[in-house]
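Engineer: Dropping a prediction and its sequence here:
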Amino acid sequence: MKIEWCKARARSMRWKEEVELLQEEMQRILQFFDWEAMLWDERANQSWSEGPAEREGRIAYARRQPALRRALSVTCHSSW
C-alpha cells in the first residue's frame, strides 16, 4: 500500500510541476507577442530607401503585423 501511495504522490507532483511550467510558458507567449508587436511598430516607422510603391507596401505590411500579434495575444489571454 505504501508503494502505491508513493507512486501516486510522485505522479501528483509531476502533474503539479507540469501545470506550473505551462502557466509560465503561457505568460512568456503573451510577453513574446507584445515584444513582437513593439518590434513591428518600430519597423513601420523606419525610413525605407526603396521607391514609393515598395516603401508603401513595406509600411502597410509592417503596420498590419502588430495588429495580428496583439489579436493573438488577446485571443490567447481570453482563452486561458
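Structural biologist: Done, it's in.
Engineer: what ranges do the helices span in this protein?
Structural biologist: 2-44, 52-79 (DSSP state H).
Engineer: Dump these into CSV; add mean pLDDT as well.
Structural biologist: Below are those laid out as CSV (pLDDT from 0 to 100):
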stretch, mean pLDDT
helix 2-44, 95
helix 52-79, 91
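Engineer: would you turn these into CSV with mean neighbour count?
Structural biologist: Glycine gets a C-beta too; all of them are placed from N, C-alpha and C. Below are those laid out as CSV (neighbours: other C-beta atoms under 10 Å):
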stretch, mean neighbour count
helix 2-44, 12
helix 52-79, 13
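Engineer: Would you check how far apart residue 6 and residue 14 are?
Structural biologist: Counting by C-beta to C-beta, to the nearest Å, the separation of residue 6 from residue 14 is 13 Å.
Engineer: Next: residue 71.
Structural biologist: Residue 71 is 35 Å from residue 14, by C-beta to C-beta.
Engineer: try residue 45
Structural biologist: On the measure of C-beta to C-beta, residue 45 and residue 14 end up 47 Å apart.
Engineer: for residue 49, same thing?
Structural biologist: 55 Å.
Engineer: And for residue 26?
Structural biologist: 19 Å.
Engineer: Equivalent analysis for residue 39, please.
Structural biologist: Residue 39 is 36 Å from residue 14, by C-beta to C-beta.
Engineer: Then residue 56?
Structural biologist: 54 Å.
Engineer: With residue 43 instead?
Structural biologist: Residue 43 is 42 Å from residue 14, by C-beta to C-beta.
Engineer: residues contacting the spatially most central residue of the chain?
Structural biologist: With distances taken as C-alpha atoms, centre = their mean, residue 29 lies nearest the centre of the chain, 2.8 Å away. Contacts for residue 29 (C-beta atoms under 8 Å, 6 or more residues apart in numbering) come out as residue 76.
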